[in-house]
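Trainee: Generate a structure from the sequence data that follows.
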Amino acid sequence: MSLSHSAGFPHVVITRRVPQHILDYMASAADLQLWEEDHPIPYQTLLDRVPGCAGVYCLLTDRIDAALLDAAGPGLKVISQMAVGVDNIDVKACTARGIPVGNTPGVLTETTADLALALMLATARRIVEAAEFLKAGQWQTWRPMELTGQDVYGCTVGIIGLGRIGTAVARRLRGFDCKLLYTNPSPNPEAEKLGVTDVDLETLLKSSDIVTLHCPLTPETRGLIGAGELALMKPTAILINTARGAVVDQKALFEALQARRIGAAGLDVTDPEPMSKDDPLLTLPNVVVLPHIGSASVATRTRMAQLAADNLVAGLQGEHLPHCVNPEVYD
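Mentor: Alright, predicted model coming up:
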């Protein structure tokens, strides 16, 4: 679909449909070429569409690499992503070409923190397992120890990555009277006020009843939680991941869960995405896996789409992006 105007309007490639009023807003500043399908645009199709474009409005599912930037040509002014993370974008290549990259920080913080807490409760209290137990007609009577789980209230929670979302999770857990630990590349000045104790990763893994991941995916964090780290955790411990799937070695996680070396896992992100319906993790009763819905409230997804549109329009007009991940392009 192309939303066209008179000659002279910059050409923009949009890789997925967003709410119509946001498309209309972008269309006031550009000719839009929209991928209409409800699945990711194939890389080759995107490569074919970008020559001569001034902007790309993309999602985490789209690979934005040096070859694509070169195919777009010297007129490319802005890459705007409807997400916080940008690990699908070669930001260094963008910076080398003077192209600002926009993202949508802050807007999904509270919504994702809500989901992290929901996964803690779902796994600790075996909520999904209990619902399936009932649907299968297995509930015969009340039994004193049937489907008993763990208390979130009063437990020790280790937060790996005390950034915006990790901090929001810590605020929520104070209401559960949890003991809070964290590890971060650098100390968080809010930690003391939140009652969160800075510890090394080994101490956090050994001490926590729940370990929750809120770090970005970087070369340093890829595979951060592997067999060795899982072996440090308590046999009753729960692992929660709402960060990025590749932070966890899923094969090692499956083996640890199957052998009951840890208690349970709640995952909103996987590697790869989407997860295959035949993935062995889905055969385990002590796992809750969701289809990456951390930011999936109507209000939050709409705000994300609008922020990404604001970044796009600013870039097209030669203005500084409101949210730019490589501000050095303006130096």
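
Trainee: who touches stretch 308-325?
Mentor: Applying C-beta atoms under 8 Å, 6 or more residues apart in numbering, the contact partners of stretch 308-325 are 10, 12, 18, 22, 25-26, 29-30, 54-55, 57, 77-78, 80-82, 86, 91, 100-105, 307, 327, 330. No exception for glycine: its C-beta is placed from N, CA and C like everyone else's.

Trainee: That should have said stretch 172-182, apologies.
Mentor: With C-beta under 8 Å, 6+ apart as the test, stretch 172-182 has contacts from 113-114, 117, 152-162, 166, 170, 188, 191, 194-199, 203-204, 207-208.

Trainee: now do 7 Å
Mentor: With C-beta atoms under 7 Å, 6 or more residues apart in numbering as the test, stretch 172-182 has contacts from 113, 117, 152-159, 162, 166, 170, 191, 194-199, 204, 207-208.

Trainee: And stretch 208-223, by the same measure?
Mentor: Contacts of stretch 208-223 with the rest of the structure, by C-beta under 7 Å, 6+ apart, involve 85, 87, 116, 120, 150, 155-161, 163, 165-166, 169, 181, 204-205, 233-234, 236-244, 246-247, 249.

Trainee: Would you mind measuring from the spatially closest residue to residue 270 that is not a sequence neighbour to residue 307?
Mentor: The shortest distance from residue 270 to any residue other than its chain neighbours is 4.2 Å, reached at residue 245 (C-beta to C-beta, 6 or more residues apart in numbering). With distances taken as C-beta to C-beta, to the nearest Å, residue 245 is found 24 Å from residue 307.

Trainee: Only alpha carbons, please: show stretch 309-318 as CSV.
Mentor: Included here for stretch 309-318 are C-alpha records, laid out as CSV according to Å, rounded to 0.1, in the frame of the first residue of the first chain:
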residue,chain,number,x,y,z
ALA,A,309,6.3,8.4,14.3
ASP,A,310,7.5,11.5,16.1
ASN,A,311,11.1,10.3,15.7
LEU,A,312,10.5,9.6,12.0
VAL,A,313,8.9,13.0,11.2
ALA,A,314,11.7,14.8,13.2
GLY,A,315,14.3,13.0,11.2
LEU,A,316,12.7,13.8,7.9
GLN,A,317,12.5,17.5,8.8
GLY,A,318,16.2,17.6,9.8
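
Trainee: How about the backbone phi and psi for residue 329?
Mentor: Residue 329 has phi and psi values of phi -60, psi -20 when expressed as degrees, to the nearest 10.

Trainee: So what's the residue count around it?
Mentor: Here the number of neighbours of residue 329 (other C-beta atoms under 10 Å) works out to 18.

Trainee: That one is in contact with residue 93, isn't it?
Mentor: No. Taking C-beta atoms under 7 Å as the definition, residue 329 is not a contact partner of residue 93, at 11.8 Å.

Trainee: Now the helix or strand where residue 255 lies - C-alpha only, PDB.
Mentor: Residue 255 is part of helix 250-258 when elements are defined by DSSP states H and E. Extracted as PDB, the C-alpha positions of helix 250-258 are listed here (Å, rounded to 0.1, in the frame of the first residue of the first chain):
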ATOM      1  CA  GLN A 250      17.300 -22.200  26.200                       C
ATOM      2  CA  LYS A 251      18.800 -25.700  25.800                       C
ATOM      3  CA  ALA A 252      20.400 -25.400  29.200                       C
ATOM      4  CA  LEU A 253      17.200 -24.000  30.600                       C
ATOM      5  CA  PHE A 254      15.200 -27.000  29.300                       C
ATOM      6  CA  GLU A 255      17.600 -29.400  30.800                       C
ATOM      7  CA  ALA A 256      17.600 -27.600  34.200                       C
ATOM      8  CA  LEU A 257      13.800 -27.500  34.300                       C
ATOM      9  CA  GLN A 258      13.400 -31.100  33.200                       C
END
